[in-house]
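Visitor: model this:
(chains A and B)
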Amino acid sequence: MDATSSRTRKADAAKKTVLVTGAAGSLAKRVISRLHGRYKVIAVDFRRQVETDAGIPSYKVEIHKRGFEDIFREHKIDAVLHLGRIFAHESDRSRRYNANVLGTKKLLELSQKYGVGQVLIHSTYMVYGASPYNPALLDEDHPLKGSEATHDLVDSVEIEALATIYLWKHPELNITILRPCNVLGPGVRNTMSVLLSRKLVPVLVGFSPMMQFLHVDDMAEALVLAFEKNKPGIYNVAAEDYVAYQVAVEQCGCGRLPIPSIPPALPRLWSRLLNWNAFFPPYMVNFFKYPVVIDGRLFRETFGWKPRRSLNDIFGYYRKQKSVGA
Amino acid sequence: MRFPGPSAFKDFSLRDEVQRRVVTPEIEAMIASISKRTGSFGYDAWGYDENRVKFAAGIMKLLYERYFRVTAHGLENIPPDGRLLVVGNHSGQFPMDGVLVGYALLSNAHSPRAARAMIERFFPTVPFLGNLLNGLGAVIGDPLNCAKMLEAEETIIVFPEGIRGSGKPYRKRYQLQRFGNGFVHLAMNHKAPIVPVGIVGCEETMPSLGSIDPLARLLGIPYVPLVPTLFPLPARVFLNFGKPIHFEGDVESEADVTERVEMVKDEIRSLIDKGLAERTRIY
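Guide: As a prediction, the model looks like this:
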């Protein structure tokens, strides 16, 4: 009995400790379940204390507040997977800025102070911004114009800027920034997923930009792979498959609600008046008009990763969800 | 969308009927013979849409064979695969020349290829038209688009004169305007061969007296031609494709690039002369 427990304790001591933020989210849950057992996982979320499997310490803490440092004092953290983010529809702009940008800054400072050896930042393709002048297959070195047209993406772009500064200033942190395309699937609460879960979905008359989608399980695998292979840098994460927005809407079993698209202020006004913040926010209107197609080749080749779920698998979930609901 | 109607029309859908008549088995076979990689919904990264291309090919076939009665020579010079730039003279106010060269490459019996065209940057902001053009394979002329397409072994149609060529008045017909140097840089950087094409006939599809510049500025478009006709006239069109030109090695300066551009320009000029010589009737 004693021998076994001391053996587990010894094995535990050899295991790396990984802190995962945004633990209540569906992506983080999947990442945690894949890491659990092989690593000592610590779950953190600002929303609630996540119920976790036995042996996973879980904290409810806001990462830009002082209490966060206690976790670093209490545990010897080897790696941080920063997946937590307040979405635009979850809070007002200034609170979101504090939590997302100042929170990330705090996290990077603490990581440096407590000798964390690896940090993964979950960013988004939206940092590139949607513009009619976008070429397709954007590389990682394309300018980040996400905040050009809207203040609501400033936090996303600034998180990247911060992480990039730390990337070159503190190479010992081994920072990896991942910019995935739209992540969809069971339990995902981002804008696109909330949108495609609806029965009636707004589309802009005469516009149907190319889009890329990734199943949340594939994204979880990508994150775990990026963590385990540890090759610092900035990577787009996307499959080599593309579909027009309005086709995706149909494939998800949604009805299309055509919205007049010109003048450009009109759809934004609609969205504001009807309070479509959760699924068709004014600041995202351009993403339903112009394509932001990213090139995921660098990530696929560097990490030998290939998504296992097709677009049809992804859309199938939203179709089924609706037929069950009806 | 289908509406429930009398039982006689139960299985009738106008959309399906038109689709059936335009996309004939011949067109289906033509598109099927192209080795073009698309995703699970028939799209590529730039919005190329297999279903739209099929439909457009059906329409373009009529324009190509019946309306403009195109005569094409030298299509055997188009390599069956690998990256390629097809470079020609631009004319006719509307980019009908691009459409006809595109269809010639698509229906090429030797080695059919789905060519991409570069379009002006304001098109994506126009509802329907932007998506339609993307669906047919056209993209905005961004250097990144060209680079990635060549890396993906695509065929790109380039008109280095741009709007200087397409918008010029009738009195300047078959006078080549200034060529941009971009296409030679692309050809060198990505080791892509250039096939020159001389296009004869498109100048006569829409003879223009000049551009109404104040109106063009007001509309935010490059030019508004002063023309006697609102649709392209049925001029006979002659396409002469030349032998592939390979540019290898580095250049010392931009002047060297310009020299290579002039080489291509001369080649196109002689291909135009060939077309003008074989033309016996304009319409």
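
Visitor: going by C-alpha atoms from here, please, whenever you check contacts or count neighbours.
Guide: Will do.

Visitor: all helices of the stretch 101-250 of chain A, in order?
Guide: A:103-113, A:146-149, A:154-169, A:191-196, A:216-229, A:245-251 (DSSP state H, counting those that start in this stretch).

Visitor: which one of these lies closest to chain B?
Guide: Closest to chain B of the helices of the stretch 101-250 of chain A, according to CA to the nearest CA: helix A:245-251, at 8.9 Å.

Visitor: which of the residues in whichever helix or strand comes after that closest one are buried?
Guide: Note on helix A:245-251: by DSSP states H and E, the next helix or strand toward the C-terminus is strand A:255-259. The neighbour-count check on strand A:255-259 (16 or more other CA atoms under 10 Å in any protein chain shown) flags A:255, A:259 as buried.

Visitor: so which of the helices of the stretch 101-250 of chain A gets nearest residue A:206?
Guide: Between residue A:206 and these, the shortest gap by CA to CA is with helix A:245-251, which sits at 10.0 Å.

Visitor: packing partners for that closest one?
Guide: Counting contacts by 3 or more CA pairs under 8 Å, 6 or more residues apart in numbering or on different chains; DSSP states H and E, helix A:245-251 packs against strand A:255-259, helix A:311-325.

Visitor: least reliable of the ones you listed by average pLDDT, please.
Guide: Of all those, the minimum mean pLDDT falls on helix A:311-325 (a mean of 92).

Visitor: tell me what that one is packed against?
Guide: By 3+ CA pairs under 8 Å, 6+ apart, helix A:311-325 packs against strand A:213-215, helix A:245-251.

Visitor: list the contacts of the shortest one.
Guide: Counting by CA atoms under 8 Å, 6 or more residues apart in numbering or on different chains, strand A:213-215 makes contact with A:180-185, A:238-239, A:242, A:307, A:309, A:311, A:314, all of which sit outside it.

Visitor: switch to 10 Å and redo it
Guide: With contact meaning CA atoms under 10 Å, 6 or more residues apart in numbering or on different chains, strand A:213-215 is reached by A:27, A:180-186, A:188, A:192, A:237-243, A:248, A:307-311, A:313-315.

Visitor: the helices and strands packed on helix A:245-251: which one's closest to residue B:18?
Guide: strand A:255-259 (23.6 Å).

Visitor: mind checking pLDDT for whatever residue of chain A ends up closest to chain B?
Guide: Scanning chain A for proximity to chain B using CA to the nearest CA identifies residue A:206 as nearest, at 4.1 Å. Model confidence at residue A:206, given as pLDDT, is 95.

Visitor: if we can go back for a sec, columns distance to residue A:115 on top of the helices and strands packed on helix A:245-251, output as JSON lines?
Guide: Shown next, in JSON lines, are those (distance: least, CA to CA, whole Å):
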{"stretch": "strand A:255-259", "distance to residue A:115": "51"}
{"stretch": "helix A:311-325", "distance to residue A:115": "39"}
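
Visitor: which residue is nearest the middle of chain B?
Guide: residue B:98 (2.2 Å; CA atoms, centre = their mean).

Visitor: you'd agree that one is up against residue B:159?
Guide: Yes - the pair residue B:98 and residue B:159 qualifies as a contact (CA atoms under 10 Å) at a distance of 8.4 Å.

Visitor: now for the two: what residues contact both?
Guide: B:88-91, B:117-118.

Visitor: dump the residue contacts of the most centrally placed residue in chain A.
Guide: In chain A, the residue lying closest to the centroid (CA atoms, centre = their mean) is residue A:122, at 5.0 Å. Taking CA under 10 Å, 6+ apart as the criterion, residue A:122 is in contact with A:81-85, A:159-160, A:176-180, A:223.

Visitor: so how far is stretch A:60-78 off the chain centroid?
Guide: Distance of stretch A:60-78 from the chain centroid (CA atoms, centre = their mean, to the nearest Å) equals 21 Å.

Visitor: likewise stretch B:30-39?
Guide: 18 Å.

Visitor: before we move on, what about stretch B:178-189?
Guide: The chain centre lies 18 Å from the centre of stretch B:178-189; the measure is CA atoms, centre = their mean.

Visitor: buried stuff in that stretch?
Guide: Here stretch B:178-189 shows B:179, B:181, B:183-188 as buried, counting by 16+ other CA under 10 Å.

Visitor: can you lay out those as JSON lines showing distance to residue A:143?
Guide: Shown next, in JSON lines, are the buried residues of stretch B:178-189 (distance: CA to CA, whole Å):
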{"residue": "B:179", "distance to residue A:143": "29"}
{"residue": "B:181", "distance to residue A:143": "25"}
{"residue": "B:183", "distance to residue A:143": "24"}
{"residue": "B:184", "distance to residue A:143": "26"}
{"residue": "B:185", "distance to residue A:143": "23"}
{"residue": "B:186", "distance to residue A:143": "22"}
{"residue": "B:187", "distance to residue A:143": "25"}
{"residue": "B:188", "distance to residue A:143": "25"}
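
Visitor: mind putting these in a markdown table, distance to chain A included?
Guide: Output for the buried residues of stretch B:178-189, formatted as a markdown table (distance: CA to the nearest CA, whole Å):
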| residue | distance to chain A |
| --- | --- |
| B:179 | 23 |
| B:181 | 20 |
| B:183 | 17 |
| B:184 | 20 |
| B:185 | 18 |
| B:186 | 16 |
| B:187 | 19 |
| B:188 | 21 |
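
Visitor: take these and keep only those in strands.
Guide: Among those, no member falls in strands (DSSP state E).

Visitor: could you check how many residues crowd around residue B:170?
Guide: By other CA atoms under 10 Å in any protein chain shown, 17 other residues sit near residue B:170.

Visitor: tell me which residues touch it, please.
Guide: Applying CA under 10 Å, 6+ apart, the residues contacting residue B:170 are B:91-92, B:203-204, B:206-210, B:227.

Visitor: next, format these as TSV and append neighbour count and pLDDT.
Guide: Listed next are these as TSV, based on neighbours: other CA atoms under 10 Å in any protein chain shown; pLDDT from 0 to 100:
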residue	neighbour count	pLDDT
B:91	34	93
B:92	25	90
B:203	27	94
B:204	20	94
B:206	25	92
B:207	24	92
B:208	23	92
B:209	15	91
B:210	16	90
B:227	16	89
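
Visitor: neighbours around residue B:278, how many?
Guide: Neighbour tally, residue B:278, other CA under 10 Å: 11.

Visitor: so it sits right up against residue B:238, yeah?
Guide: Yes - if you go by CA under 10 Å, residue B:278 and residue B:238 touch, sitting 8.4 Å apart.

Visitor: quick one on the thing from earlier: compare the mean pLDDT across the helices of the stretch 101-250 of chain A and name the weakest.
Guide: Among the helices of the stretch 101-250 of chain A, helix A:146-149 carries the lowest mean pLDDT (a mean of 77).

Visitor: and that one, what does it pack onto?
Guide: helix A:154-169 (3 or more CA pairs under 10 Å, 6 or more residues apart in numbering or on different chains; DSSP states H and E).

Visitor: who does the helix it packs on touch, helix- and strand-wise?
Guide: helix A:93-97, helix A:103-113, strand A:118-122, helix A:146-149, strand A:175-180, strand A:233-237.

Visitor: just the strands in the stretch 151-283 of chain B please.
Guide: B:155-158, B:194-200, B:238-241 (DSSP state E, counting those that start in this stretch).

Visitor: ok, what's across the strand from the closest residue to residue B:74 other than its chain neighbours?
Guide: Setting aside the residues directly before and after it, residue B:74 is nearest to residue B:241 in space (CA to CA, 6 or more residues apart in numbering or on different chains), at 4.7 Å. Beta-bridge partners of residue B:241, counted by DSSP bridges, are residue B:197.
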